[in-house]
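>>> Structural data only, the sequence is not supplied:
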C-alpha cells in the first residue's frame, strides 16, 4: 500500500514450559508504566485513556540462528511493489511437532532470472528457541519477487506444501515427506505472471482438495512507473494506489492431478477487482461453508459468501463490511476473522493507512456486520500509523481474544512521516472492549519498526502463542510470550490456568481440515475457534488452535464440525496438553486414543 494522502482419534504430546533465550534468560521485572508516547484509544477529540498495566507480555528472543534479512528491491525510482514488503509462514514441515519458519523476500528491479540472491529462506525449529537454515537442503529458496506465503496439504499426502505469491510467476512447492520439496512446473497452472500479494488455501467446493485463493494487486510494470513526490525538493515517493489499475483475483481450483485452473469468473469472484492485499477464508455467516473476506487498497473491501456447490454470492455492500462507519473506502491491508464476542460468529478486523482507523466489524448474524471500532476501543491508537499484519488471539490465556497490529510507513525519505513505527497490542478487557497495552507489552513494542508481516505460532510448545514479526528491509523479530507462565513467580497470576492445543487432521475432508469449527466447553465457559485459510498480511499462522482453560476446570468437552458437515465429540479432555484430532472414517464407530507426555 504505497503512499496516499489523507468423532475422534487423538495424540497427546507433552509440552515444554517457559521461554528461553539461547544465550541468557534474564528475569522479567514488572514496572509501573510511565507516560507513553503511544496513544491509547479514545473517540475522536478525547484525550488519551488509561493503558493496560501488569506483567510483561512479550520478550524479544535474540540469537536463535535466523540470519534472514528482507530485501524490498527499492531504488531511487520507487518501484511500486517494493513498498509493500514480503510475508512469512509458520508451519511444521517435517511433522516433528514444532513450527518451522519460511521468510519470503523481494528482489531488485528489473527482475533478473539469473540472479540467485536475495532469495527466500527456510528455517527448521530445532527446539528451545534454536533454528537452523535448511533452505538448500529442502530445495527451497525461491529467488523471484516473493510477496505472500501460505501453506497447505494440496495433495493430501500428510505433509504441508508451500505456495509463494509473487510479483511475477507464483510458485507451489510440494513437500516430498522426506525433508525436501519440489517445485511444480508451469503445466500445473501456477505460473500466473501478474502481481500477487496474499493467498489463502481453502476447499471451496467440498471435494476434499485444497484450492488456492490468490489476491492480485493491480497492473503495473517498471516501464510504466510514474514519478510521484515533491519536485520542489526533488523527493520522489511511492505513488498513490489510485495510479494502479486493479486486477481481478484468482481462485485456483485443485484438479487433483497436480494441476490447477482459475475458476474465479465461473464461481462469482471476478466482478470486484480491488487492489487486493489481505484475505481470510472462514465461515463468516455460520452456515457451515467457507467464505472469503478480502481487504482492498482504496477500493471497497469484499465479502463473498459460499452458497454451496462451488458458487459464491457477493455480499460486500449488503453486509456492511465494504466501508468504514462513515461509508468511506479505506486502504485495507491485513485482515483477520475470529469470534470475539462469544456468540459463535466471527468478527472481522482490517488494518489501514495513516489517518484511517483500523476497522472492526462486529458480526450481527444473518450475514450482517456493523463497524464499531470507536465503541470497542480500537479507533484512535492506530490513526498515526500504517497498519499491516494483524491477528486476533488469546495471548494471556484468559479466554478472550486479544489483538496485535504491526505498523510501518512505505516511504523512508519523507520528512513529514516516521518510516519506522511502533506495533500495537490490545488486551480484550471483556464486555466487547479492548484496551491498549503500554510499556508492559514488551521491549519490541517500545521501539519503532518497518513492520509488514506477522504470524502467530507457539514456537516453544509451552502452551501459549508467540509472535514472528517481519520487517521491510530488515531482519525479523521473534517474540516469546511471557504473559502467563505457570509456576513462575514472574508470571501474571499463577492461578493454575492452562491451555489445550488442538491440531485437526481431515480424512473425509481436506487433510488440513480448513473450514472446521471447534467448540470447547468447560463448565459455563465456551470458546469457538475456526481452522481458517489466510489471514494477517502476506503471512500464515501456526495451524494449531489454542484454548484457554480456567483454573477450576479439570476436564473439557470438545466439539468439532468438520468441513464436510460431520460432527465429532471428544469428552473429558485433560487441560495442559497438545492433541491431534483425526476425523473418523465413515466405517469407524469407535473412539481410538493413546497419549504421550503429561500435564504442563
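Noted; the coordinates are in hand. Quick caveat, the model's predicted, so the values are computed rather than measured.

>>> Identify the residue nearest the residue nearest the centre of the chain in space, chain neighbours excluded?
When CA atoms, centre = their mean is applied to the chain, the residue found nearest the centroid is residue 536 (3.2 Å). Distance criterion CB to CB, 6 or more residues apart in numbering; nearest residue to residue 536, sequence neighbours excluded, is residue 389 at 4.6 Å. Bear in mind the C-beta positions are built from the backbone N, C-alpha and C, glycine included.

>>> In this structure the residue nearest to the centre of the chain contacts residue 334, no?
Yes: the pair residue 536 / residue 334 is scored as a contact, 5.4 Å apart, by CB atoms under 8 Å.

>>> Now for these two: what residues contact both?
278, 389-390, 454 (CB atoms under 8 Å, 6 or more residues apart in numbering).

>>> Of these, select the buried ones using a ChimeraX command.
Buried subset of the shared contacts of residue 536 and residue 334, written as a ChimeraX selection, criterion 16 or more other CB atoms under 10 Å:
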select :278,389,390,454
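
>>> ok, of the shared contacts of residue 536 and residue 334, which one's closest to residue 525?
Using CB to CB, residue 390 comes nearest to residue 525 of the shared contacts of residue 536 and residue 334, at 25.7 Å.

>>> In the stretch 51-200 of the chain, where is pLDDT below threshold?
Low-confidence segments of the stretch 51-200 of the chain, defined by pLDDT under 70, span residues 51-54.

>>> mind listing the strands in it by residue range?
58-61, 88-91, 100-103, 121-125, 131-133, 145-152, 161-167, 171-175, 181-183, 196-202 (DSSP state E, counting those that start in this stretch).

>>> What pairs with the longest one, parallel or antiparallel?
Sheet pairing of strand 145-152 (DSSP bridges) gives strand 161-167 (antiparallel).

>>> For the residue nearest to residue 536, list the residues it contacts.
Per CB under 8 Å, 6+ apart, neighbours of residue 389: 334, 351, 405-406, 451-455, 469-470, 536-539.

>>> May I see the ChimeraX selection of the buried members of those?
Selecting only the buried entries of those in ChimeraX, with 16+ other CB under 10 Å as the criterion:
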select :334,351,405,406,451,452,453,454,455,469,470,536,537,538,539
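
>>> can you list the strands of the stretch 51-200 of the chain in TSV and add mean neighbour count and distance to residue 445?
Shown next, in TSV, are the strands of the stretch 51-200 of the chain (neighbours: other CB atoms under 10 Å; distance: least, CB to CB, whole Å):
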stretch	mean neighbour count	distance to residue 445
strand 58-61	21	7
strand 88-91	27	19
strand 100-103	26	21
strand 121-125	24	24
strand 131-133	18	23
strand 145-152	28	24
strand 161-167	27	29
strand 171-175	22	34
strand 181-183	16	35
strand 196-202	29	24
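
>>> before we move on, what SS does the residue nearest to residue 536 have?
The three-state label given to residue 389 by DSSP: H, G, I helix; E, B strand; the rest coil is strand.

>>> backbone phi and psi for the residue of the chain most remote from its centre, please?
Distance from the C-alpha centroid of the chain peaks at residue 232, with 40.7 Å (CA atoms, centre = their mean). Backbone torsions of residue 232, given as degrees, to the nearest 10, read phi -60, psi -30.

>>> what secondary structure does the closest residue in space to residue 228 that isn't next to it in sequence sit in?
Residue nearest to residue 228 in three dimensions, not counting chain neighbours: residue 239, with 3.9 Å by CB to CB, 6+ apart. Under the three-state scheme (three-state DSSP), residue 239 adopts coil.

>>> any idea how far residue 215 is from residue 437?
Per CB to CB, to the nearest Å, residue 215 is found 30 Å from residue 437.

>>> Name all residues that make contact with residue 193.
So residue 193 contacts 168-169 (CB under 8 Å, 6+ apart).

>>> any idea how far it is from residue 325?
From residue 193 over to residue 325 (counting by CB to CB), the distance is 39 Å.

>>> With residue 145 instead?
36 Å.

>>> what's the answer for residue 417, then?
Taking CB to CB, one finds residue 417 at 25 Å from residue 325.

>>> same deal with residue 274?
For residue 274, the distance to residue 325 equals 20 Å [CB to CB].

>>> And for residue 376?
In terms of CB to CB, residue 376 sits 12 Å off from residue 325.

>>> and these two? which has more neighbours close in?
The residue with more neighbours, out of residue 376 and residue 325, is residue 376; 22 against 17, by other CB atoms under 10 Å.

>>> where do the helices sit along this protein?
Applying DSSP state H to the chain gives helices spanning 135-138, 316-319.

>>> Low-confidence bits of this protein, can you list those?
Those would be 1-54, 485-496, 588-600, if you go by pLDDT under 70 across the chain.

>>> Recalculate using a threshold of 50.
The chain contains residues with pLDDT under 50 at 4-17, 22-50, 487-493, 590-600.

>>> Which stretch among the helices of the chain approaches residue 363 most closely?
Using CB to CB, those put helix 316-319 closest to residue 363, at 9.6 Å.

>>> Report the buried residues of that closest one.
By 16+ other CB under 10 Å, the buried positions in helix 316-319 come out as 316, 319.

>>> Residues touching that helix, excluding its own?
Contacts for helix 316-319 (CB under 8 Å, 6+ apart): 272, 300-304, 322, 367-369.

>>> ok, residue 247 - contacts?
Counted by CB under 8 Å, 6+ apart, residue 247 has contacts 194-195, 216-219, 273, 275.

>>> Quick check: phi and psi at it.
According to degrees, to the nearest 10, residue 247 has phi -120, psi 150.

>>> And for it, nearest residue in space, chain neighbours not counted?
Here the residue nearest residue 247, using CB to CB, 6+ apart, is residue 216, at 4.2 Å.

>>> which residues does that neighbour bridge with?
Beta-bridge partners, per DSSP bridges, of residue 216: residue 196.

>>> list the contacts for it?
Residue 216 neighbours (CB under 8 Å, 6+ apart): 192, 194-197, 247-250, 273, 276.

>>> just residue 372 next, same as before
Per CB under 8 Å, 6+ apart, neighbours of residue 372: 325, 360-362.

>>> Surely residue 580 and residue 505 touch.
Yes: if you go by CB under 8 Å, residue 580 and residue 505 touch, sitting 6.3 Å apart.

>>> Among the contacts of residue 389, find me the one that's closest to residue 87.
When these are compared against residue 87 (criterion: CB to CB), the nearest one is residue 538, at 2.8 Å.

>>> give me phi/psi at the nearest residue to the closest one once chain neighbours are set aside?
Leaving aside its sequence neighbours, residue 538 sits nearest to residue 87 (CB to CB, 6+ apart; 2.8 Å). In terms of degrees, to the nearest 10, the main-chain angles of residue 87 are phi -100, psi -170.

>>> I'd say residue 87 and residue 537 touch.
Yes: when contacts are counted by CB under 8 Å, residue 87 is listed as touching residue 537 (6.9 Å).

>>> Give me the common contacts of those two.
198, 452-453.

>>> picking up where we left off before, quick one, which of the strands of the stretch 51-200 of the chain is nearest to residue 397?
Nearest of the strands of the stretch 51-200 of the chain (CB to CB): strand 58-61, 13.8 Å.

>>> Show residues contacting the closest one.
Counting by CB under 8 Å, 6+ apart, 19, 21-22, 28, 129, 395, 425, 441-445, 466-467, 477-483 sit against strand 58-61.

>>> Buried subset of those residues as a PyMOL selection?
The buried residues among these can be selected in PyMOL (16+ other CB under 10 Å) with this line:
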select buried, resi 19+21+28+129+395+425+441+442+444+445+466+467+477+478+479+480+481+482+483
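
>>> Which of the contacts of strand 58-61 fall within strands?
425, 466-467, 477-481 (DSSP state E).

>>> can you map out the strands along the stretch 251-400 of the chain?
Going by DSSP E, counting those that start in this stretch, the stretch 251-400 of the chain shows strands at 260-262, 276-282, 291-296, 302-308, 311-314, 335-338, 347-350, 359-365, 368-371, 387-393.
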